[in-house]
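Asks: Output the structure for:
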Amino acid sequence: MVEPIETYSHAINIYDDRMRALIRPDTALKKLANGAIHSEGPVYFPADDSIIWSDAHGNRLLRWSAPDGVSILRDPSDYQNGNYRDLEGRLVSCSSGLRAIIRREQDRQWRVLCDRYQGKRLNSPNDLVVKSDGTIWFTDPPYGIKAPHQGYGGVQEQPGSYVYRFDPATDEIDAVVTDILRPNGLAFSPDESILYISDSSAFNIPDGAHQIRAYDLVDNRQTTNGRLFATIDPGQPDGLRIDLAGNVFTSSEDSVQIYTPDGTRIGKILVPETVANLTFGGCDRDCLFIAAGRSLYAIDLNTRGVH
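Replies: Numbers count the residues shown, from 1 in each chain. Predicted structure coming up:
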């Protein structure tokens, strides 16, 4: 059994009593692994109780489990970023290098699922989520073609940075959100009636946003009523996840920040490195795994995540 590299016993800030119900008396943040250049996109696999995550700037895909520690799953990885598990237990990923959504099949071979919209290449898919009907919803900012160490570069062919809905059963792709400057992380509410999307445009655009927006779903395939859910400070939001009560757990510069469904910030899980993304895992989905800086962290909570 691999021991944590470091443990942080005073990692919780409480702003509202509702936060107390989400934490355990003995809650401590644990650093499980380090050595990445930029940790991103953790996803939990219950079959072997493991976490797979991206070293997004190191162009590698990493794996961690308690018995084995850290191993390299794919090198090079074509600059994979966000990762998710589909309904058949396969790994689905955003490839900023290939400018595509890719999937690891049961035979371990990688397949490109989609890389174009209306005949033009995507920008550089960043994060994704698989809905209960099997459709893949993903964000497509241009970081992989404009920023160093995030892709292979290239020319932007899409007129903007959109959020897409892709149906792997029919190969149908639609732009479902087009009014966010730099869409990044995304997640559905427990009943999938609301789609939350982070806008991280303040990262490199003057007067850009650092907020999470919420959209209502119509007929499970369209969005409407886009609105501000929360402004994230310090830093910008990147990845986010939701628990069964509808609380939003979002990345930020200094922590994982927790918001109730009404947009009230109730607490923080302080992390020593800038948080990029997170996911719930463990047998009961009550462990929050956090990709931050060069490392992978985990903290046991008194709530369960949505998958």
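Asks: Have a look at this structure and report its longest strand.
Replies: strand 222-231 (DSSP state E).
Asks: model confidence over it, on average?
Replies: For strand 222-231, mean pLDDT rounds to 98.
Asks: Off-centre distance for it?
Replies: Distance, stretch centre to chain centre, for strand 222-231: 18 Å (C-alpha atoms, centre = their mean, to the nearest Å).
Asks: next one: the helix or strand following that strand to chain centre, how far?
Replies: Following strand 222-231 in sequence order, the next helix or strand is strand 240-242 (DSSP states H and E). A distance of 8 Å separates the centroid of the chain from that of strand 240-242, by C-alpha atoms, centre = their mean.
Asks: Could you give the average pLDDT over strand 240-242?
Replies: 98.
Asks: Tell me the buried residues in stretch 146-159?
Replies: Across stretch 146-159, burial judged by 16 or more other C-beta atoms under 10 Å covers 147, 150-151, 156, 158. C-beta here means a position set from N, CA and C on the backbone, and glycine is covered the same way.
Asks: err, stretch 5-22, not the other one
Replies: In stretch 5-22, counting by 16+ other C-beta under 10 Å, buried: 8, 11-13, 19, 22.
Asks: can you tell me the average pLDDT over it?
Replies: 94.
Asks: can you list contacts of stretch 206-221?
Replies: With C-beta atoms under 8 Å, 6 or more residues apart in numbering as the test, stretch 206-221 has contacts from 131, 133, 135, 165, 174, 176-177, 180-182, 192-203, 223-233, 235-237, 240, 248, 250, 259.
Asks: Now do it: distance from first to last residue.
Replies: Taking C-alpha to C-alpha, to the nearest Å, the first and last residues of stretch 206-221 lie 33 Å apart.
Asks: ok now it, how far from the chain's centre?
Replies: Stretch 206-221 has its C-alpha centroid displaced from the chain centroid by 15 Å (C-alpha atoms, centre = their mean).
Asks: i'd like the first residue to be 29 from this point on
Replies: I'll keep to 29 as the first residue from here, and by that count the last item is stretch 234-249.
Asks: show me the residues around residue 116 that make contact.
Replies: For residue 116, the contacting residues are residue 134, by C-beta under 8 Å, 6+ apart.
Asks: ok, 10 Å please
Replies: Applying C-beta atoms under 10 Å, 6 or more residues apart in numbering to residue 116 gives the contacts 131, 133-134, 158, 162.
Asks: Can you pull the phi/psi pair for the closest residue to residue 281 other than its chain neighbours?
Replies: Counting by C-beta to C-beta, 6 or more residues apart in numbering, residue 263 is the residue found nearest to residue 281 once chain neighbours are left out, at 2.6 Å. Dihedral angles phi and psi of residue 263 (degrees, to the nearest 10) take the values phi 80, psi -150.
Asks: Now do the buried residues in the longest strand of the chain.
Replies: 251, 254, 257-258.
Asks: can you map out the strands along the stretch 129-278 of the chain?
Replies: With DSSP state E, counting those that start in this stretch as the criterion, the stretch 129-278 of the chain has strands at 138-142, 144-145, 148-149, 156-158, 164-167, 191-195, 200-205, 211-216, 222-227, 239-246, 250-259, 268-270, 276-279.
Asks: if we can go back for a sec, filter the contacts of stretch 234-249 down to the buried ones.
Replies: 159, 163, 193, 204-205, 208, 210, 222-231, 251, 254, 257-258, 260, 263-265, 268, 276, 278, 287.
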